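J.: give me a model of this one.
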Amino acid sequence: MPPLRRGEARRFASALAGGGVRVVFAHSSYLINLASADARVRARSVASLGEELRRCAALGLPYLVLHPGAHGGQGERIGIRLIAAGLDDAFQADPGGATRVLLETTAGQGNAMGGRFEHLAAIIASSADPARLGVCLDTCHLFAAGYDLRSRAGYAGTMGEFERAVGLARIRAFHLNDCMGGLGSRMDRHAHIGEGRLGLAAFARLLNDARFSGLPMVLETPKGKGTAFDRRNLAVLRGLLGRGAGRTAGARAAPSPRG
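T.: Below you'll find the predicted structure:
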């Protein structure tokens, strides 16, 4: 990854101040795997995460989203220990920094960690610096991992389970995307809002959940040429505001540059 060029951070801050976007956060490289069984891969992952944290600090970004990692057959207990230790090592690249790493919920495919809320809770509890850790909820991944958001009872049960395992206060951002696979399919395949197996009701409940008022939500729906798909998905989501249970949360969805 090339270093930031002279004046780039200043130009970024200027563009952000005049752009009307309230929160910008980054997504780490998909190649980072803090739970790798290969010592060289893990060392490179820790170094890469540290460098990304330094870049986030230079740009003034509050969050860096990270896929927790895959244990490669070593087992969940070892995977959790390695991820927590890797996070602690990476934080040394920016000691006392303000950028928080958000562990992203995963679809639970293969031996990927993060498909269960207990994984996230254990990683946070095992870290020497839990204050720098939060969670990014991905709607497609939640559904594919077996958390049913479609019904009122399912949504309430999922959020209740997260509160008990991790704590809703740890949620700092959302990825909004429908799911091509079925409930518990562990299929990480995103779909346009309302065109997958998750459906519109789940998004209506989330967007109108007052507990998440003001938290950033970005699209990770399929991309095409230009912004037509993003605009269409945003229109669908904004049309759901005020239609869910409870008062309108006031959350706002924005397109993500990543597909």
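J.: residue boundaries of the helices in the stretch 101-250 of the chain?
T.: For the stretch 101-250 of the chain, applying DSSP state H, counting those that start in this stretch gives helices covering 117-126, 139-144, 152-165, 200-207, 228-238.
J.: got these as a markdown table, with mean pLDDT, distance to Ala107 and mean neighbour count columns?
T.: Glycine gets a C-beta too; all of them are placed from N, C-alpha and C. Formatted as a markdown table, these follow (pLDDT from 0 to 100; distance: least, C-beta to C-beta, whole Å; neighbours: other C-beta atoms under 10 Å):
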| stretch | mean pLDDT | distance to Ala107 | mean neighbour count |
| --- | --- | --- | --- |
| helix 117-126 | 98 | 13 | 20 |
| helix 139-144 | 97 | 4 | 27 |
| helix 152-165 | 98 | 15 | 15 |
| helix 200-207 | 96 | 16 | 22 |
| helix 228-238 | 95 | 20 | 16 |
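J.: so can I have JSON lines of those showing distance to Asp89?
T.: JSON lines is the format used below for those (distance: least, C-beta to C-beta, whole Å):
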{"stretch": "helix 117-126", "distance to Asp89": "13"}
{"stretch": "helix 139-144", "distance to Asp89": "26"}
{"stretch": "helix 152-165", "distance to Asp89": "25"}
{"stretch": "helix 200-207", "distance to Asp89": "34"}
{"stretch": "helix 228-238", "distance to Asp89": "36"}
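J.: run a quick neighbour tally on Arg116.
T.: Neighbour count for Arg116, taken as other C-beta atoms under 10 Å: 18.
J.: which residues does it contact?
T.: Gly108, Ala145 (C-beta atoms under 8 Å, 6 or more residues apart in numbering).
J.: repeat that with 7 Å
T.: Arg116 is in contact with Gly108, counting by C-beta atoms under 7 Å, 6 or more residues apart in numbering.
J.: Val46: what secondary structure?
T.: The three-state label given to Val46 by DSSP: H, G, I helix; E, B strand; the rest coil is helix.
J.: report pLDDT for it.
T.: You'll see Val46 listed with a pLDDT of 97.
J.: who are the contact partners of the residue lying closest to Ala191 once chain neighbours are set aside?
T.: Leaving aside its sequence neighbours, Ala191 sits nearest to Asp178 (C-beta to C-beta, 6 or more residues apart in numbering; 4.0 Å). By C-beta under 7 Å, 6+ apart, Asp178 lies in contact with Cys140, Ala191, His192, Ile193, Gly194, Glu195, Gly196, Leu198.
J.: just the buried ones from those residues?
T.: Cys140, Ala191, His192, Ile193, Gly194, Gly196, Leu198 (16 or more other C-beta atoms under 10 Å).
J.: residue contacts, the fifth one?
T.: Contacts of Gly194 were listed using C-beta under 7 Å, 6+ apart, and they are Asp178, Leu200, Val236.
J.: wouldn't the last one be in contact with Ile193 here?
T.: Yes. Counting by C-beta atoms under 7 Å, Val236 sits close enough to Ile193 to count as a contact (4.7 Å).
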